[in-house]
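Student: here's my sequence, what's the structure:
(one chain, ligands or ions: 1)
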Amino acid sequence: MNIQYIDIHTHSHQSTPNIFKISNILIIKTTLNPHEYIPPFSVGIHPWHINESSKQIDLDLLFQIASSSDCVAIGEIGLDKVKGPSIEIQLDILHKQLQTTEKLMKPVILHCVKAYDLLAQLRKQLQPIVPWIIHGFNGSEQLALQLVKQGFYLSFGHQILNPKSKASKTFINLPLDYVFFETDENEASIAHIYQQAARLKSIDENVLKDKIRDNFIKVFGDGLVE
Ligand SMILES: [Zn+2]
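Tutor: A predicted model of the protein is given here:
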């Protein structure tokens with residue numbers, strides 16, 4: 001059987017043969033129409049796009065779209081210490097969206113920049129039932145192992161195509177049990193990312209595909225992929 005590539009997080013909304021993708025919807029304009037998007041998708045208020053004046057409308061819209069069966073994850077949501085409003089404001093919106101994830105029992109796709117300590121603290125405090133996936137991971141091996149130990153999943157993107165990146169060096173020694181792949185906003189193909197990942201691990205690409213599919217089923221259930 002030809003196992004599909006699974007792209008856990010992309011901003012592309014086009015379907016591609018042989019690729020299972022979760023397309024991301026950003027709540028920026030409260031007028032967006034989820035029917036324009038090809039399922040399955042994730043939806044979230046990104047920390048960069050928090051709008052204090054429309055916060056309640058945005059959260060209500062998030063809940064409405066997230067309740068749809070076409071929505072399979074909440075995200076990307078998270079914390080960013082480099083860009084966006086104050087961390088207090090970000091934490092408030094993140095907290096409210098995480099309550100939605102628990103209510104709807106849907107996994108979380110997280111954006112995190114220089115705020116891993118806060119994220120880990122939050123996880124300890126909330127003890128979530130739904131899985132939390134940190135997307136676009138490009139941190140050290142030490143950080144990755146710590147996060148995995150705390151129960152986070154890590155999703156790797158185009159960074160692993162560069163053998164000198166932190167992501168590449170980290171990925172080599174990371175157990176595959178908590179790993180996903182993604183293209184995010186990058187033009188790199190998910191097939192290239194898988195191929196490079198298989199090369200870094202010195203395993204067959206089909207073995208890797210199989211493993212990621214198992215991880216996917218563990219997190220999202222067995223109704224979505226073949
Ligand atoms: Zn993204």
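
Student: not counting sequence-adjacent ones, nearest residue to Thr183?
Tutor: With CB to CB, 6 or more residues apart in numbering as the criterion, Thr183 has its nearest non-adjacent residue at 4.8 Å, and that residue is Thr10. The way it works is simple: take the backbone N, C-alpha and C, and place the C-beta from them, glycine included.

Student: wait, what's in contact with the one you found?
Tutor: Shown in contact with Thr10 (CB atoms under 8 Å, 6 or more residues apart in numbering): Lys21, Ile22, Ser23, Asn24, Glu182, Thr183, Asp184, Glu185, Ile190.

Student: the third one: neighbouring residues, count only.
Tutor: The local packing of Ser23 (other CB atoms under 10 Å) involves 19 other residues.

Student: likewise the fourth one?
Tutor: Here the neighbour count serves as a burial measure; for Asn24 (other CB under 10 Å) it reads 25.

Student: what does the first one give?
Tutor: Burial measure for Lys21: 23 neighbouring residues, criterion other CB under 10 Å.

Student: what of Ala198?
Tutor: Summarising burial for Ala198: neighbours were counted as other CB under 10 Å, giving 16.

Student: what mean pLDDT does whichever strand or helix holds it have?
Tutor: Applying DSSP states H and E as the criterion places Ala198 in helix 190-201. The pLDDT scores in helix 190-201 average 98.

Student: and the next helix or strand past it?
Tutor: If you walk from helix 190-201 toward the C-terminus, the next helix or strand you reach (DSSP H and E) is helix 205-220.

Student: dump the contacts of Thr10 into CSV; add secondary structure and distance to His135 as well.
Tutor: Putting the contacts of Thr10 into CSV (DSSP: H, G, I helix; E, B strand; the rest coil; distance: CB to CB, whole Å) gives the following:
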residue, secondary structure, distance to His135
Lys21, strand, 13
Ile22, strand, 10
Ser23, strand, 13
Asn24, strand, 9
Glu182, coil, 6
Thr183, coil, 11
Asp184, strand, 7
Glu185, coil, 11
Ile190, helix, 13
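
Student: closest one of the residues you listed to Pro39?
Tutor: Minimum separation from Pro39 among the contacts of Thr10 (CB to CB) is found for Ser23, which lies at 8.2 Å.

Student: just give me the neighbour total for Asp177.
Tutor: Applying other CB under 10 Å, I find that Asp177 has 11 neighbouring residues.

Student: quick one: pLDDT of the residue lying closest to it once chain neighbours are set aside?
Tutor: Nearest non-adjacent residue to Asp177, counting by CB to CB, 6+ apart: Asn215, 6.9 Å away. You'll see Asn215 listed with a pLDDT of 98.
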